[in-house]
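[1] Got a predicted structure plus its sequence, pasted below:
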Amino acid sequence: MTIRPFQLERFFARHEFSAPHLLACSDCETMSIGELLHLAGQPPEALMDVRLGYTESQGDPALRATIAGFYDSISPDHIVVTNAPEEAIFLTMWSLVRPGDHVVVQTPCYQSLAELARFRGAAVQPWAMSETPARWQIDLNRLGDLVTPDTRLIVVNFPHNPTGYLPTAQQFQDLIAIAARWGTWLLCDEMYRGLEYDPAQRLPAAADCYPRAVSLWGMSKAFGLAGLRIGWVATQDRALVESLLTRKDYTTICSSALSEVLARIALQNATALIERNVSIIRDNLALVRAFMDRHAEQFAWRAPLAGPVAFPRLREGSAAAFCRAALEKAGVLLAPATLFDFGDAHCRWGLGRRTFAAGLAALEAYLARERS
């Protein structure tokens, strides 16, 4: 089978490093190596003894031990470190999905969460979210209808990209019960975990709740350290761990030694990193709420509950055309819903960076010029 071009990633490849104002990005504010070491109270010399040879394929044991501390029932032996979360998605789909399988995927979604299952020869069934007057929502009754004894895998993402949706703890447990009814595998993309605006609403990791769950996390989003290219999966299923490692021998074999050390340092200071990024998101949320109030005739605003993204809807016209005009005339990059295979009415806004205010001001100035 052929694989479709990754629309969102091709979009960013064309525009991310040339657009003056990035309002579409889903990662949080990053930092330099020096800033990270300063935060951790370590001198730059701490990196001088890092050996730049091969590392363990499953991941540095010290890093896996640190990662395991974020879970309740996952040991270091049940974690596989990968070169970027994208590799983790690829290896999981390669391990679990077979030609002819039935896979249910929450939509809208990051394209690889559906496309890689399709590429493996599965029949992919979208489980679409709905937009109520107040918020985005999932329909668990609909999911229950979609999942059958033949369903191999359910794929979800909480906190959700691109809507910022977060289910309640009860909804999450009900979703797991649907998977457990048939022994269906569950892949939960948890890349934005930690960025809940109310920490009391943070969900447990799926891998802690269900023996056939796979939890995906990494350094790119909540921690703002995408340049480390470190991700991982956690699962209670040891056979799946072995399958992932067998396949990783054909992809990257092992991760960067320096990236693993820096990821461990970052995770040992996770609270400070996440608090910083949630603070930035809160500030930007206040700005975008005020913006949406001023432009309520043009946008329908559904406030996110967690994470660094929101997915407002244009009340009229094409989102792709709006985003194209904003880029060409104001240098502002927004991501239209067409990149998520979810119609042409919404666009993704990224709230995790300190440059958000300048980009929002440029967009508002453009809208003012268009009205004059």
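    Perfect, I can see it now.

[2] pLDDT averaged over the longest helix along the chain - what is it?
    The residue-count maximum for a helix in the chain (DSSP state H) belongs to helix 270-294. Averaged across helix 270-294, the pLDDT comes to 98.

[3] Heading C-terminal from that helix, find the next helix or strand.
    Next along the chain after helix 270-294, taking DSSP states H and E as the criterion, comes strand 299-300.

[4] strands paired with that following strand, and their directions?
    strand 313-314 (antiparallel) (DSSP bridges).

[5] For the strand it pairs with, give me every contacting residue.
    The list of residues contacting strand 313-314 from outside it, by CB atoms under 8 Å, 6 or more residues apart in numbering, reads 131, 298-300, 302, 319, 322, 345-347. Yep, even glycine has a C-beta here, placed from its N, CA and C like the rest.

[6] ranges for the helices of the stretch 51-200 of the chain?
    Taking DSSP state H, counting those that start in this stretch as the criterion, the stretch 51-200 of the chain contains helices spanning 61-68, 85-96, 112-119, 140-146, 169-182.

[7] is it possible to export those to a markdown table including distance to residue 354 and mean pLDDT?
    Output for those, formatted as a markdown table (distance: least, CB to CB, whole Å; pLDDT from 0 to 100):
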| stretch | distance to residue 354 | mean pLDDT |
| --- | --- | --- |
| helix 61-68 | 27 | 98 |
| helix 85-96 | 23 | 98 |
| helix 112-119 | 28 | 98 |
| helix 140-146 | 37 | 98 |
| helix 169-182 | 32 | 98 |
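
[8] List the contacts of residue 326.
    Listed by CB under 8 Å, 6+ apart, the contact partners of residue 326 are 332-334, 363, 366.

[9] Now intersect those residues with the strands, please.
    Assignment to strands by DSSP state E places the following of those there: 332-333.

[10] ranking the contacts of residue 326 by neighbours, who comes first?
    residue 332 (25 neighbours; other CB atoms under 10 Å).

[11] What score does that residue have for pLDDT?
    If you check residue 332, the pLDDT there is 98.

[12] ok, back up a step: which strands and helices sit next to the longest helix of the chain?
    Counting contacts by 3 or more CB pairs under 8 Å, 6 or more residues apart in numbering; DSSP states H and E, helix 270-294 packs against helix 356-371.

[13] for the record, mean pLDDT for the helix it packs on?
    For helix 356-371, the mean per-residue pLDDT is 96.

[14] Report all helices and strands that that helix contacts.
    Helices and strands touching helix 356-371, by 3+ CB pairs under 8 Å, 6+ apart, are strand 21-22, helix 270-294, helix 319-330, strand 332-333.

[15] how long is stretch 15-23 from one end to the other?
    12 Å (CA to CA, to the nearest Å).

[16] Please name the residues that touch residue 67.
    The contact partners of residue 67, by CB under 8 Å, 6+ apart, come to 59, 76, 79, 81, 217, 232, 234, 267.

[17] Go again with 6 Å.
    79, 232 (CB atoms under 6 Å, 6 or more residues apart in numbering).

[18] Same check on residue 84?
    By CB under 6 Å, 6+ apart, the contact set of residue 84 is 229, 231.

[19] Now with 8 Å, please.
    Residues near residue 84 by CB under 8 Å, 6+ apart: 218, 220, 229-231.

[20] Fine by me, thanks again.
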